[in-house]
Each structure stands twice: as C-alpha cells, then as structure tokens.
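Enquirer: The sequence isn't on hand, but the structure is:
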C-alpha cells in the first residue's frame, strides 16, 4: 500500500507544480483561468490526501521510531539552536548597521493580523538588506507582508516572501501611511527588486552579456521553430523578420472563430505566449534583439522593448495590459 500511495503522491506533486506555474502565467496573461483553477484545486486535494496516506502507511516500525526518537530530539534541538543563534546574529547586525529593530503591528487597517511596519531614518535603501531582514523577521507565507518606512529617503518598501523569493517594492512615502495598512504603499512606484531567499542573489531580467549573440538568420529560424503552435488554432505566422534591432512577428488572425471573442481579443490573448517562447530561448538570443514587434495586421500591433522585461523569480516575461492593441 505504501508504494501505491507513494506513486500517487509523486504524480500529484508533479501535476501540482505544473498547474501552479500554468495558473500564474495565465493569470498574468489575462487568460480565463477557471478551468486551470478547477484542475489545480482537484490536484491539490489529491496531493494532500496522498501525502497523509504515505505518512500513515510508512513501513518504518514503531520500535525504530522509538530508538531514533531520542537522537532526533537532540538533533532537532541542536538545529533549532543553530537557527536561533543565526537569527540572533542577523538581528544584531541589522541593529548595528541600520538601526533595525522589531517591527510593529499596524494601528489600523490590517485585517490579516500578519502585516508589520517599521520606521527608520538611515541613508540605506531597504533593498540592500531586505534578504537579511526577511530571514530574521518575516514568516515564509504569502500573507505576511512587512513595510519599512524610511523618513530619511522618504520611501516605503514592501517586503514579502513568496516561493523562496524575497520581493521588495519601493514607493514614495505618503504622509502618515505607516499608521494605516489600508493606505500604505499607495505612493508612486519607485522600483521593484527580487532576491533568492536562500542565496541572497538578485534576480534580474537582464541577459548575461558574456553569453554572446547569434546572427540574424539563426535568430529568425529559432523564433519560427519555438513559436510554432504558440499562436493557436487558425492563426498563421505569416513571417518573422529581423532588421538588426527589431524582431518582427507577423500573425494572420483573419480565419479565427469570432463567435465568442473578437479577432482583436483573440490576438491579444496570444501575445504573452508568443513573447514567452522568445524569452525562453535564452540569453544569447536576448542579447541579439532590442525590441519585439507582434503585428496582427488590421487588428493592430504592439512593440516591446528589452528594458521592459520583468523577472519575479518564476521566469522572464512582458506585462501585457488589456487593450494593448487599441
């Protein structure tokens, strides 16, 4: 029974990860996520049930558990002590370098009970110590959000951990926002940074300059190959061209089924999948072009600049707002 449940657990785990990534990408692309969401919920339930059954049917004997229990307790206590010592060290360094102390709850507006705020007055942007701060003070959950208000820099930085990524969103300070969770972070956006929690490495959308480039013909061939199937049914790739800077993809949507969506809406829904395929080609291809234009003929066209590429830790992408072809 253990092997049977373990097999289900493994398969459901893989399906869980695949659907999670698909869910995030479709949500960003503005695609209808109801079907994916339904599948994700079903797989999640199967995953959790199979995990419980694997634990219950584990072949480990009670005798072995009893013998190992004492050693396990001592190891866990040792690991916990090490973790606590490391956190204590980080907190001490943050206090000495940046005058960082324990964050406080909001006076009003926090319905989650998990948001925290800290007020400082130093000359260092919170993004420079965000990873250490996250390790020391933030719970690794999506609902836990901390804000650092810097009176010297007149900024407010939102710090959060998600999927092992520390995100730092910095906005312009708004008067008295540190007291109210409902208005904090509403100032003008000044910047967004992302870091790997485990290593502290900054995640960038820029390609490695050492990766080199490819020639125009190689780029065109690779793009044609990778976007085949990305445009959808009854949408034909007419041509792919490259003038040394702009990579242009011409797509014909004149034969699409418009019984539920207009041709323009259908065209807009395919922009993310086309650009995603191109970005996934890798750094040497990204180093070759400066802009990408997707031309849908009479339905409109859109151009993306390399500097607008985003990366929040789950891969590079372009923001595609609704009505981008208007």
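Expert: Arrived safely, thanks for sending. For clarity, every value in this text was computed on a predicted model and none was experimentally measured.
Enquirer: Going along the chain, name the helices of this structure.
Expert: In the chain, the helices defined using DSSP state H lie at 2-29, 34-56, 62-98, 130-137, 216-227, 263-279, 283-286.
Enquirer: Name the residues of the last one that come out as buried.
Expert: Within helix 283-286, the residues that qualify as buried by neighbour count (16 or more other CB atoms under 10 Å) are 283-286. To be clear about C-beta, it is placed using only N, CA and C from the backbone, and glycine gets the same treatment.
Enquirer: Can you add pLDDT and distance to residue 143 and give those back as TSV?
Expert: Listed next are the buried residues of helix 283-286 as TSV, based on pLDDT from 0 to 100; distance: CB to CB, whole Å:
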residue	pLDDT	distance to residue 143
283	94	35
284	96	40
285	97	38
286	96	35
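Enquirer: Give the buried residues for stretch 311-323.
Expert: Applying a neighbour-count criterion of 16+ other CB under 10 Å, one finds 312, 314, 316-318, 320 buried in stretch 311-323.
Enquirer: ignore the last one, stretch 92-108
Expert: 94, 98, 100, 103, 106.
Enquirer: chain center to that stretch, what's the gap?
Expert: Distance, stretch centre to chain centre, for stretch 92-108: 26 Å (CA atoms, centre = their mean, to the nearest Å).
Enquirer: which ones among the buried residues of stretch 311-323 are found in strands?
Expert: The members of the buried residues of stretch 311-323 that map onto strands under DSSP state E are 316-317.
Enquirer: Farthest pair within the buried residues of stretch 311-323?
Expert: 314 and 320 (15.8 Å; CB to CB).
Enquirer: Flag the shaky bits of the stretch 51-200 of the chain, pLDDT-wise.
Expert: Across the stretch 51-200 of the chain, residues meeting the criterion (pLDDT under 70) sit at 53-54, 57-82, 141-142.
Enquirer: Turn the buried residues of stretch 92-108 into TSV, including distance to residue 196.
Expert: Putting these into TSV (distance: CB to CB, whole Å) gives the following:
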residue	distance to residue 196
94	19
98	21
100	21
103	22
106	28
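Enquirer: residues touching residue 247, list them.
Expert: 219, 223, 240-241, 278, 289, 291-293 (CB atoms under 8 Å, 6 or more residues apart in numbering).
Enquirer: now these: which count as buried?
Expert: 219, 223, 240, 278, 289, 292.
Enquirer: is it true that residue 244 touches residue 219?
Expert: No: with contact defined as CB atoms under 8 Å, residue 244 does not count as touching residue 219 (10.3 Å).
Enquirer: Now for the two: what residues contact both?
Expert: Between them, residue 244 and residue 219 share no contacting residue under CB under 8 Å, 6+ apart.
Enquirer: Strands along the stretch 151-300 of the chain, start to end?
Expert: Using DSSP state E, counting those that start in this stretch, the strands assigned to the stretch 151-300 of the chain run over residues 155-162, 165-172, 189-196, 202-203, 236-242, 246-252, 291-295.
Enquirer: what about stretch 155-172, start to end distance?
Expert: End-to-end distance of stretch 155-172 (CA to CA, to the nearest Å): 5 Å.
Enquirer: Kindly apply the preceding question to stretch 103-118 instead.
Expert: First-to-last residue span, stretch 103-118, CA to CA: 5 Å.
Enquirer: likewise stretch 201-211?
Expert: By CA to CA, the extent of stretch 201-211 from end to end equals 19 Å.
Enquirer: for it, the distance to its chain's centre please.
Expert: Centroid separation for stretch 201-211 versus its chain: 16 Å, with CA atoms, centre = their mean.
Enquirer: again with stretch 151-164
Expert: Relative to its parent chain, stretch 151-164 has a centroid offset of 16 Å by CA atoms, centre = their mean.
Enquirer: Would you mind measuring from residue 107 to residue 190?
Expert: Distance from residue 107 to residue 190, counting by CB to CB, to the nearest Å: 25 Å.
Enquirer: circling back: quick one: which of the buried ones among the contacts of residue 247 is nearest to residue 162?
Expert: Distance to residue 162, by CB to CB, is smallest for residue 278 among the buried ones among the contacts of residue 247, at 25.8 Å.
Enquirer: ok, now how distant is the closest residue to the closest one other than its chain neighbours from residue 276?
Expert: With CB to CB, 6 or more residues apart in numbering as the criterion, residue 278 has its nearest non-adjacent residue at 5.9 Å, and that residue is residue 223. Here the criterion is CB to CB. By it, residue 223 lies 12 Å from residue 276.
Enquirer: Which member of the contacts of residue 247 is positioned nearest residue 49?
Expert: Nearest to residue 49 among the contacts of residue 247: residue 278, at 39.8 Å, using CB to CB.
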